[in-house]
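S.K.: I'll drop the sequence and a predicted model, then ask my questions.
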Amino acid sequence: MSLIAQLPVLPVIIPLVLAPITLLLPKGRAPHLWATAVSWLTFASCAWLLMEVSEVGLISYYLGDWAPPLGIEYRIDLANALVLLLVSALAAVVFPFAYESVKAEIDERQSPYFYGALLICMTGLLGVTITGDAFNVFVFLEISSLSTYALIAMGARRDRRALTASFNYLVMGTIGATFFVIGIGLLYQATGTLNMADLHDKLIGQDNRMVQAGFAFILVGVGLKLAMFPMHLWLPNAYAYAPSAVTAFIAATATKVAVYVLIRFFFSVFNFDFPFIGAAFTYVLLPLGLAGMFIASLAAVFQDDVKRMLAYSSVAQIGYMLLGLSFATVEGLTASLVHVFNHALMKGALFMAVACVVLRAGSHSIHAFAGLSKRMPVTTWAFLISGLSLIGVPLTVGFVSKWYLLEAAFAAGHWYAGFLIVASSLIALLYIGRVAEVMLLREPATEGPYAIQEKDAPLSMLIPMWVLVAANIYFGVRTDLTGGLAERAAAALMTVAGGTP
Amino acid sequence: MEHLILKVTTKLLFAPIILFAFYVQFHGDYGPGGGFQAGIIFAVAFILHAFCFGLDETKKVLPQQALIVAMVIGVLFYAGTGVATMLLGGSFLGYDAIDPESTHHAGQHYGILLVEFGVGMTVAATMLTIFYHFTGREPDIDQKDW
């Protein structure tokens, strides 16, 4: 067997084969070590795959040796190689981080199930990203969603509200998935194929009601999954009550993968010849993106729970990604892809900092953060630096995203959008500043429910967290790495979609 | 000795149901059937047993822990077949690699048999686990919690 030939399937196969074994391991430390090792192996395979793709271009792999469009095809270009690397990298950082946090928040007897579900969730997210088959996207989307519902519900040991949050997400997520599969069904009816590249070819010139309805169903279905502004109501509670390590992982990856699916369907399945694509950009993504940026950011300012605050901020950040998309230019798409990558870095680091606070203070209310700089300085600075990155201060990844977005907005002639991006960044300054003020200037509580232990988080949590914080700065300085890749990916997507490059 | 008729009937039906499950399992290549259906039918035999004799009696035959192991082995059977074909030089689940010399794709038959066996095992174990949890209502109290 040549490893190179089998490489495209490895990111899915490694976790899929090794995750069930987690259930057979003795409870306690072993499942965690196993999951961490698997996540690193997967990360290595994804990094190798990205290098391959950036050298040779599109890679295609036929599952079971059945040629597409009949068989399932894994089709990897730069856009999904980048997202694959992102998901596996976040997993490789969050999994080692998880141990102490999970030990404190979850019954040790559930640890094999927990890490098993975490690995399956990662498998699903990677599968959604890697596949070139529209129905396969749905299958993997369900794999990742079902395990996410279970993972969120496991927060119930600390807070029973996790159960309703999880159930809410289950209902909304299932509606989203159903809409998505109805959309796929309508496209299948119109074309008789499920392979994305084949769908693209066969859809050309088919502007009828069925295709329009299929597109609308897919847009709404994926919109629910990625928490597009008015459909985001499941997200704040799900993020707030999930176990802290789970929040760090899914906040950084799950919605990003859904954004990727949206991009894939807009640009690789449909094309710009359909009038409804342009209409969706102008009348759906642009206004909803802008509305999300402001309304969700404003909602974040008034949250007393830091996890909920960051969750609302995630909804706002998804607004930026949709805004970038809606320009329908290479620059806009680049900005969107760069922000997908960068937002994962900053939200991952922020939620990891919150997890450290939850471990020591036992709460993620803003009161627990009072005087944190005196008790947990290392965690405080990690939160502050990634918070600055979220606002978009120069030398951090947040600045790079905003810069690309602004450039794209002005180039596309949406100058007002440029000003709105800056204005909504100022709201981010408000809610991050509010936490910063509490952390730096207040006196720590010495007694009562919010008293914090006099020591920082353990090294097993601090090191992964600072790896992400360092990535925030590294990719903020070396903008050519992410920006260059995203630009090439965007140009390739745009050529397929037939837009003006 | 109440419900004697039910108990005797269940004992009579138990073996034929399992036999039918195996028929559906292994005949799935040629006719309607396969791992999913067979797994459900297999689980039904034990669910019937639990209805008539009580959950505790069924758990003596098939404890929860054994079901978890069966679930894992089933998935590994499926994925392992895929990995085996990869090691033999084909793609993931490219069954032809099992018997490349064959002129009539015999590898496809071996491959799908192995995979369906894994599916059947996992489906049966999962169905029974769901049934155990719904009927048991409360989780079993662990030794440590006494």
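M.R.: Ah, there it is. Numbering: from 1, shown residues only, chains lettered A, B, ... in the order given.

S.K.: quick one: pLDDT of A:P394?
M.R.: pLDDT, A:P394: 90.

S.K.: quick one, what contacts it?
M.R.: By Cβ atoms under 8 Å, 6 or more residues apart in numbering or on different chains, the contact list for A:P394 reads A:G476. Where you see a C-beta, it was placed from the backbone N, CA and C, and this is true even at glycine.

S.K.: element containing it, please.
M.R.: A:P394 is part of no helix or strand, with elements assigned from DSSP states H and E.

S.K.: Can you get me a residue count around B:H109?
M.R.: Look at B:H109: counted by other Cβ atoms under 10 Å in any protein chain shown, it has 15 neighbours.

S.K.: what does chain B put close to chain A?
M.R.: When proximity is defined as Cβ under 8 Å from any Cβ of the partner chain, chain B approaches chain A at B:68-69, B:71-72, B:75-76, B:79-80, B:82-83, B:86-96, B:142.

S.K.: From those residues, list just the buried residues.
M.R.: Buried members of the residues of chain B next to chain A, scored by 16 or more other Cβ atoms under 10 Å in any protein chain shown, are B:68, B:71-72, B:75-76, B:79, B:82-83, B:86, B:88, B:90-96.

S.K.: how about low-confidence regions in the stretch 101-250 of chain A?
M.R.: Scanning the stretch 101-250 of chain A for pLDDT under 70 picks out nothing.

S.K.: please redo it, this time with the cut-off set to 90
M.R.: In the predicted model, the stretch 101-250 of chain A carries pLDDT under 90 at residues A:107-110, A:156-160, A:204-208, A:229-230.

S.K.: what comes up buried for the longest helix anywhere in chain B?
M.R.: The longest helix of chain B (DSSP state H) is helix B:106-136. By neighbour count on 16+ other Cβ under 10 Å, the buried set for helix B:106-136 is B:107-108, B:111-129, B:131-132.

S.K.: likewise stretch A:463-476?
M.R.: For stretch A:463-476, using 16+ other Cβ under 10 Å, the buried residues are A:P464, A:M465, A:W466, A:V467, A:L468, A:V469, A:A471, A:N472, A:I473, A:F475, A:G476.

S.K.: cool, and stretch A:54-70?
M.R.: A:I59, A:Y61, A:Y62, A:L63, A:G64, A:P68, A:P69.

S.K.: Stretch A:213-226 too?
M.R.: Buried, per 16+ other Cβ under 10 Å, within stretch A:213-226: A:214-226.

S.K.: How far does it sit from its chain's centre?
M.R.: Chain-centre distance of stretch A:213-226: 17 Å, with Cα atoms, centre = their mean, to the nearest Å.

S.K.: other SSEs contacting the longest helix of chain B?
M.R.: Contacts defined by 3 or more Cβ pairs under 8 Å, 6 or more residues apart in numbering or on different chains; DSSP states H and E place helix B:106-136 against helix B:4-27, helix B:35-53, helix B:55-61, helix B:64-87.

S.K.: tilt between it and helix B:64-87?
M.R.: 160 degrees (axes from the mean of the first three to the mean of the last three Cα atoms, to 10 degrees).

S.K.: what about helix B:106-136, average pLDDT?
M.R.: pLDDT averaged over helix B:106-136 gives 91.

S.K.: Spit out the contact partners of the closest residue to B:H27 other than its chain neighbours.
M.R.: Distances taken as Cβ to Cβ, 6 or more residues apart in numbering or on different chains put B:G33 closest to B:H27, at 5.5 Å, once the chain neighbours are dropped. Residues near B:G33 by Cβ under 8 Å, 6+ apart: B:Y23, B:V24, B:Q25, B:H27.

S.K.: For B:G33, give me phi and psi.
M.R.: When read as degrees, to the nearest 10, the backbone of B:G33 gives phi 140, psi -160.

S.K.: how close does it sit to chain A?
M.R.: Distance, B:G33 to chain A, by Cβ to the nearest Cβ, to the nearest Å: 20 Å.

S.K.: Once you drop chain neighbours, what's closest to A:P449?
M.R.: Closest to A:P449 by Cβ to Cβ, 6+ apart is A:S363, at 6.9 Å.

S.K.: Validate this expectation: the one you found resides in a strand.
M.R.: No - checked against DSSP: H, G, I helix; E, B strand; the rest coil, A:S363 lies outside a strand; its state is coil.

S.K.: And the pLDDT for it?
M.R.: pLDDT, A:S363: 87.

S.K.: Low-confidence ranges, chain B, go.
M.R.: By pLDDT under 90, the low-scoring segments of chain B are B:1-4, B:6-7, B:26-35, B:51-57, B:61, B:64, B:86-113, B:133-146.

S.K.: Identify the residue nearest the geometric centre of it.
M.R.: The structure's chain B has its C-alpha centroid closest to B:M121; by Cα atoms, centre = their mean the separation is 2.6 Å.

S.K.: need the contact list for that one.
M.R.: B:G35, B:G39, B:A70, B:M71, B:I73, B:G74, B:F77 are the contacts of B:M121 under Cβ under 8 Å, 6+ apart.

S.K.: Try it again at 7 Å.
M.R.: B:A70, B:I73, B:G74, B:F77 (Cβ atoms under 7 Å, 6 or more residues apart in numbering or on different chains).

S.K.: Most neighbours of all these, which one?
M.R.: Busiest of the contacts of B:M121 [other Cβ under 10 Å] is B:G74, holding 23 neighbours.

S.K.: Isn't it up against B:L114?
M.R.: No - shown here, B:G74 and B:L114 do not form a contact pair, counting by Cβ atoms under 7 Å, at 11.1 Å.

S.K.: how far does stretch A:332-340 sit from the chain's center?
M.R.: For stretch A:332-340, the distance to the chain centre is 13 Å (Cα atoms, centre = their mean).

S.K.: Over to stretch A:448-465?
M.R.: On Cα atoms, centre = their mean, the centre of stretch A:448-465 falls 26 Å from that of its chain.

S.K.: averaged over its residues, what pLDDT does it have?
M.R.: On average, stretch A:448-465 scores 83.

S.K.: what about A:E447, which SS state?
M.R.: A:E447 ends up coil, using three-state DSSP.

S.K.: Tell me which residues touch it, please.
M.R.: The contact partners of A:E447, by Cβ under 7 Å, 6+ apart, come to none.

S.K.: Intersect the buried residues of stretch A:213-226 with the contacts of chain B.
M.R.: Among the buried residues of stretch A:213-226, no residue is within reach of chain B (Cβ under 7 Å from any Cβ of the partner chain).

S.K.: Next step: the residues you listed restricted to helices.
M.R.: Those of the buried residues of stretch A:213-226 mapping onto helices are A:G214, A:F215, A:A216, A:F217, A:I218, A:L219, A:V220, A:G221, A:V222, A:G223, A:L224, A:K225, per DSSP H.

S.K.: Need those residues in a markdown table (columns: distance to A:T446).
M.R.: Listed next are those as a markdown table, based on distance: Cβ to Cβ, whole Å:
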| residue | distance to A:T446 |
| --- | --- |
| A:G214 | 61 |
| A:F215 | 59 |
| A:A216 | 57 |
| A:F217 | 56 |
| A:I218 | 55 |
| A:L219 | 53 |
| A:V220 | 51 |
| A:G221 | 51 |
| A:V222 | 49 |
| A:G223 | 47 |
| A:L224 | 45 |
| A:K225 | 44 |
